[in-house]
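Participant: 3D, please:
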Amino acid sequence: MELGLKGRVAIVAASSQGIGRATAEAFAAEGCRVAMCARNERTLGLAAEGIRKQHSAEVLDRALDVTDAAAVRQFVEAVVAKFGAADICVTNAGGPPAKGFLAATVEDWHKAVEANFMSTVHFAREVIPHMQRGRWGRIITITSITTKQPVADLVLSNAVRAAVVGLVKSLANEFGKDGILVNNVGPGFTATDRLKELAKSRSAASGTAEKDIFDGWAADAPLRRLGEPREVAETIVWLASDRASYVTGQTVLVDGGMYKGL
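Facilitator: Residues are numbered from 1 along each chain as shown. This is a model prediction of the structure:
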C-alpha cells in the first residue's frame, strides 16, 4: 500500500531507542527525511547512523532535553533549515517513575508534567506554524494505555498522560481547518527498556520474580504476548500517512487487546 510519505520530513522525539527509534526507522523505510533527538548524544548518534546506512536515508540528529523549550525551538529551526519543512512531528519522552500517590513527591509531579506534557506543548508550538504554511501536517503523541485504563502504581503516568489527550483533542479541533491532523497512540505493555525498569521496580516491591511479572503482563492481553516497538511504530506511520486522512483527535491503542473497555 502506497502511504504517500516519500520525501516528507518527520521529526521523532526521544528516538535513540525503544518505540522512538523504531518509529524513526519506520519513517526512513517509507522514504521520509528524518530528524531525531534524544538526551544521550552517543546513543542517538549510533541510532541515527544505523538508520542512515540501513535505509540510505537523510537523517538529522541532535542531542537535547525535550523539556527545554528553547532547545526544542532551535531543533525545529534546524530541521526546517536543512529539509525545508516540518511535515510530521511525533512527540515522545521517557515515562515517569512507577510510584503510588503518597510516594510521589511534588518534584516528581513537576518533572512528569514537564517531560510528558509540556514537551508536547513545546513541539506543537514550533511545528504548527510550518504545517499551516504547507496546509498539511501530522502531530502524533506517544503516551500509554494509561490514557484509557489506569495502571496500578503508575499514578504519575495515569494523570499526566490523560492531559496529553486533552491537548490532542484541542489541537485537532483548532487546526483541522489548516490540514493538520493530531492523534495519540497508546501502547500497551511493549518490550522496551522502560518496561524492564518497571518490572524491576515491581519485583523489588513485591518479591515476585521479574519473569513472572512479564508473564503476567503478557497473560493480561488476549494475544498473550508483549508488544514489539515496531508494531507501535507501524501504527504511527499509518496515522501520518495519506491512508489516515480522515482520522484526527483520536487515541489508537496498540495493546494486544489489553484495554477492557468498549
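Participant: okay, helices next: where are they in the stretch 101-250 of the chain?
Facilitator: Secondary structure of the stretch 101-250 of the chain (DSSP state H, counting those that start in this stretch): helices at 106-113, 119-134, 155-175, 193-206, 210-219, 229-240.
Participant: got a list of contacts for the third one?
Facilitator: Right, the one you point to is helix 155-175. The set of residues external to helix 155-175 that reach it, using Cβ atoms under 8 Å, 6 or more residues apart in numbering, is 95-97, 99-101, 104, 108-109, 112-113, 116-117, 120-121, 124, 128, 131-132, 137, 139, 141, 143-144, 146-147, 150-151, 180-184, 186, 248-249, 251. Where C-beta positions appear, they are placed from N, C-alpha and C, glycine not excepted.
Participant: that older thread, out of the helices of the stretch 101-250 of the chain, nearest to residue 35?
Facilitator: Residue 35 lies closest, by Cβ to Cβ, to one member of those: helix 119-134, at 10.5 Å.
Participant: which helices and strands sit right next to the closest one?
Facilitator: Helix 119-134 is packed against helix 69-83, strand 88-91, strand 137-142, helix 155-175, strand 180-187, with contacts defined by 3 or more Cβ pairs under 8 Å, 6 or more residues apart in numbering; DSSP states H and E.
Participant: just the C-alphas of it, formatted as CSV.
Facilitator: Provided in CSV are the C-alpha atoms of helix 119-134 (Å, rounded to 0.1, in the frame of the first residue of the first chain):
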residue,chain,number,x,y,z
SER,A,119,7.4,18.6,25.9
THR,A,120,4.4,18.1,23.6
VAL,A,121,3.4,21.7,24.0
HIS,A,122,6.9,22.8,23.1
PHE,A,123,7.0,20.8,19.9
ALA,A,124,3.4,21.7,18.9
ARG,A,125,4.1,25.4,19.3
GLU,A,126,7.1,25.2,17.0
VAL,A,127,5.9,22.9,14.2
ILE,A,128,2.3,24.1,13.8
PRO,A,129,3.2,27.4,12.0
HIS,A,130,5.3,25.5,9.5
MET,A,131,2.5,23.0,8.9
GLN,A,132,0.0,25.8,8.5
ARG,A,133,2.1,27.3,5.7
GLY,A,134,2.2,24.0,3.9
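Participant: mind listing residues that contact it?
Facilitator: 11, 13, 66-69, 72-73, 76-77, 80, 85-87, 89, 91, 93, 137, 139, 141, 164, 167, 171, 175, 178-180.
Participant: of those residues, select the buried ones using a ChimeraX command.
Facilitator: Here is the ChimeraX command that selects only those of the contacts of helix 119-134 that count as buried (16 or more other Cβ atoms under 10 Å):
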select :11,13,66,67,69,72,76,80,85,86,87,89,91,93,137,139,141,164,167,171,175,180
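Participant: and stretch 173-187, which residues are buried?
Facilitator: Buried residues in stretch 173-187, counted by 16+ other Cβ under 10 Å: 175, 180, 181, 182, 183, 184, 185, 186, 187.
Participant: wait, stretch 190-201
Facilitator: Across stretch 190-201, burial judged by 16+ other Cβ under 10 Å covers 190, 191, 192, 194, 195, 198, 199, 201.
Participant: now do that stretch, average pLDDT.
Facilitator: When pLDDT is averaged over stretch 190-201, the result is 86.
Participant: could you do stretch 158-174 as well?
Facilitator: Regarding stretch 158-174, the rounded mean pLDDT is 98.
Participant: now stretch 9-20
Facilitator: 98.
Participant: residue 101: how many residues sit nearby?
Facilitator: Residue 101: 10 surrounding residues under other Cβ atoms under 10 Å.
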